[in-house]
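Pasting the sequence and the predicted model now:
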Amino acid sequence: MGNSTSSGEACDVAVVGAGIVGAAVAARLAQRGLKVAVLEAQQVAGGATGRSAGIVTTGLPGYYTRAVQTFGREAARTLWALTVEGRELLAEAARSLGVVWERTGSLLLALTPEEAESLRMSAEMLREDGFAPHWEKRDPLGKGFLGALRWADDGVVDAAALTCALLASTPVTVHSGTEALGLETNADGIRIWAYRRTLRCSAVVLATNGYAPLLGKSLSRWTTPGYAWKGVTESASGSLPTPCLVDYGYVSLRPLSDGRLMVSAWRPPGAFSHDPDEALRRRLARILRRYFPEAARRFPERRSGIVGCTPDGIPVVGSLSQLPGVYFALGLGGCGLNLAFVVAERLVNLLLDGTSPGILGENRQGK
């Protein structure tokens, strides 16, 4: 892959966005011998990755029954298998880079009878399809939940630390505080205008989550902003034996080594009709007061912001037909750690080899 000849700093591929996906893409491209530059409007892992609680789970929000109903049995099985693959790729990367990975297991906890039945049916169907969840009819925490689905092989990681380690592991040039402002393609390649910097390259990867439409308006069909919140309790909040997810997987609680709890929540666009940020916080507060009163305290460490979501809830990998050489990996929502490395791998294979992203591609059924 050759460089263009226009003025500006030259590289083979420019990656826009230094979250976990952008870092994984950049590292893979550099390992393939390409000169890679990363543009990040804030700081590395400063967006959705930095708001992650770092729980790497099997499956997607809404549970297996909903995925089967939406996509069909075989597609649901493929998606759950991809999350298992992605979890193991992340664990392998963390270990190789010296980033702490703990295989803690996880609990998905049911708040309502309907959610409990969905979890129970999901466990049954997952076992039929070759997975190994464990359904527990009784609440393992004794807090009033109506059942739990346990995954023994899930784990936790510091997503920001892993992102930084990925970028430091290969000769990737990172430009933090450098917002990409516009793209132009011509016979010589692609030019990117950024804050105080211009890059020229042969290919561009947009890994900017909910901000992608700012650089490619057509991407608004694929990614729209959802809302996310993360906080850490003020002091030790009791003993939670394992990371937990509630409310169909949209709220997570992770025990920290010092006894504090890291709490995060997110929702896709349209989940709340008015002031989604405030509505999300109120929903989270009600859950904490009812089931985790030890965590319903002041959160001195807290962050909120947007996450990119696709209409069907599955990440998308593709390219822009109107801007040749521009690729994108978007829409991981607020729980993308289990698919980040799979998405990165599919993107790199598409860019370098023309390999179809499969079920993650932009031409999947209905699109």
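Looks like it came in fine.

neighbouring contacts of stretch 96-106?
55, 57-58, 90-91, 93-95, 150-158, 161-162, 165-166, 169, 242-245 (Cβ atoms under 8 Å, 6 or more residues apart in numbering). C-beta coordinates here come from the backbone N, C-alpha and C atoms, glycine included.

Which positions in it come out as buried?
97, 99, 101, 104-106 (16 or more other Cβ atoms under 10 Å).

now stretch 67-79
Buried-residue list, stretch 67-79, by 16+ other Cβ under 10 Å: 67-68, 71, 75-79.

what's the most distant pair in the residues you listed?
Largest separation among the buried residues of stretch 67-79 by Cβ to Cβ: V68 and T78, giving 11.5 Å.

In the stretch 251-367 of the chain, what residue spans correspond to helices?
276-291, 337-353 (DSSP state H, counting those that start in this stretch).

Can you tell me the element W229 falls in?
Using DSSP states H and E, W229 maps to strand 224-232.

from the middle of its chain, how far away would that strand be?
Mean C-alpha position of strand 224-232 versus that of the full chain (Cα atoms, centre = their mean, to the nearest Å) differs by 12 Å.

My read is that A207 contacts A14, right?
No. Taking contacts as Cβ atoms under 8 Å, A207 lies outside contact range of A14: 10.8 Å.

just to revisit the earlier point, what sits up against the strand holding W229?
Contacts of strand 224-232 (Cβ under 8 Å, 6+ apart): 48, 51-53, 210, 256, 260-269, 271-272, 276-277, 280-281, 284, 299-309, 311, 333-334.

can I get the CA coordinates of that strand in PDB?
Once non-C-alpha atoms are left out, strand 224-232 reads as follows in PDB (Å, rounded to 0.1, in the frame of the first residue of the first chain):
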ATOM      1  CA  THR A 224     -26.700   7.100  16.200                       C
ATOM      2  CA  PRO A 225     -25.800   8.200  19.700                       C
ATOM      3  CA  GLY A 226     -27.000   6.300  22.800                       C
ATOM      4  CA  TYR A 227     -26.200   7.400  26.300                       C
ATOM      5  CA  ALA A 228     -23.800   6.000  28.900                       C
ATOM      6  CA  TRP A 229     -22.900   6.700  32.500                       C
ATOM      7  CA  LYS A 230     -20.200   5.400  34.800                       C
ATOM      8  CA  GLY A 231     -19.300   6.000  38.400                       C
ATOM      9  CA  VAL A 232     -17.200   4.600  41.300                       C
END
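
What strands line up against it, and which way round?
strand 261-267 (antiparallel), strand 301-309 (antiparallel) (DSSP bridges).
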